[in-house]
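Trainee: Following is a predicted model, sequence given first.
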Amino acid sequence: MAKKLVYKLLITGPVNSGKTTLVSHLSDTQVAMTDVAATDEVARIKAMTTVGLDFGILRIDEEIELHLFGTPGQARFNFMWDILSKGALGAVFLIDSADPGSWDEARKMYDYYQQKVRLPVVFGATKQDLPQAKTPDEIAEALQIPADVPVLPLDARIKEQNKMIVLTLLENALAEALQQEDAGDDLGV
Ligand SMILES: Nc1nc2c(ncn2[C@@H]2O[C@H](COP(=O)(O)OP(=O)(O)OP(=O)(O)O)[C@@H](O)[C@H]2O)c(=O)[nH]1
Ligand SMILES: [Mg+2]
C-alpha cells in the first residue's frame, strides 16, 4: 500500500473571519469543533466562538491528506498557536474584507505569527460578496502585507474556493521547503 502523506495546515485570523466555516465546509470527515456561546464584545457580533480548535481532514487523493487546524480568533487564546503550529507546514490567514475594524487585530496577529510561527502563509479575503467589502489589494495595502505573500478572494462557505486556497498554500510551502533543502545542500549541511 502507498505511504500516506499527511500535511498539517493552520487556519487562522481574527474573530468572525470565517475559520470555523472554512474547516467545516472543506473537510471530508466529521469535524471536531470547540465553539461555545460568545460573551463580552464578541457576543455583539456573533453567537458562537471558537475557544480551542477546529479540526477536519481533507483527502486530496489516495496518498495525500490535509489535516486542518482552525485556531481561536480571540487574542486571549494566543497560547493555542504554540500548540497548534507544531509540525504545521503553513497557515491560511483569513481577513474579513467587510470589517476594517478587525484589521488592526489581524495585523497584530500577523506580527505575532511572524515572530512565533514563521511558516509560509496565504491570506484569504473573505466576504467579498458583501457590499462594503474591500478588495484583496486594498487589504494587502492596509495591512502592509509583503508583496510576495498572496492575498486571495475567498468565500469560506464554498468548498471549491477553500480547496483552491489550501492547495495554493500547500504548493508554496512545499516549494519553500525544497528551496531551504537546496540552500542547506549548497552549504554542505
Ligand atoms: N457573506 C459571507 N459570509 C461569510 C463568508 N465567509 C464566512 N462567512 C460567514 O461569516 C461568519 C464567520 O463565522 P465563523 O466561521 O464562526 O468565524 P471564526 O473565524 O471561526 O470566528 P471565531 O471562532 O469566533 O474566531 C459565518 O456566519 C459565515 O457564514 C463569505 O465569504 N461571505
Ligand atoms: Mg471559529
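Mentor: Thanks, I have the structure now. Ligands and ions are numbered 1, 2, ... in the order given.
Trainee: Identify the single longest helix in this protein, thanks.
Mentor: Ranked by residue count and defined by DSSP state H, the top helix of the chain is helix 159-186.
Trainee: Backbone torsions only: list them for the residue in the chain positioned nearest to ligand 1.
Mentor: Nearest residue of the chain to ligand 1 (Cβ to the nearest ligand atom) works out as Gly73 at 2.3 Å. C-beta coordinates here come from the backbone N, C-alpha and C atoms, glycine included. In terms of degrees, to the nearest 10, the main-chain angles of Gly73 are phi -100, psi -20.
Trainee: again, but for Thr12
Mentor: Dihedral angles (degrees, to the nearest 10) for Thr12: phi -130, psi -180.
Trainee: can you start the count at 637 instead of 1 from here on
Mentor: Sounds good: first residue 637 from here, last item Thr648.
Trainee: Please tell me I have it right and it contacts Ala724.
Mentor: No - checked against Cβ atoms under 8 Å, the pair Thr648 and Ala724 is beyond contact range at 10.1 Å.
Trainee: contacts for stretch 652-662?
Mentor: Stretch 652-662 has contacts (Cβ atoms under 8 Å, 6 or more residues apart in numbering) with 647-649, 667, 669, 671, 678, 681-682, 686, 690-692, 694, 704, 706-707, 709, 728, 730-732, 735, 738, 742, 760, 762-763, 790, 792-795, 798-799, 802.
Trainee: coming back round to it: what mean pLDDT does the longest helix of the chain get?
Mentor: Here helix 795-822 scores 91 as its mean pLDDT.
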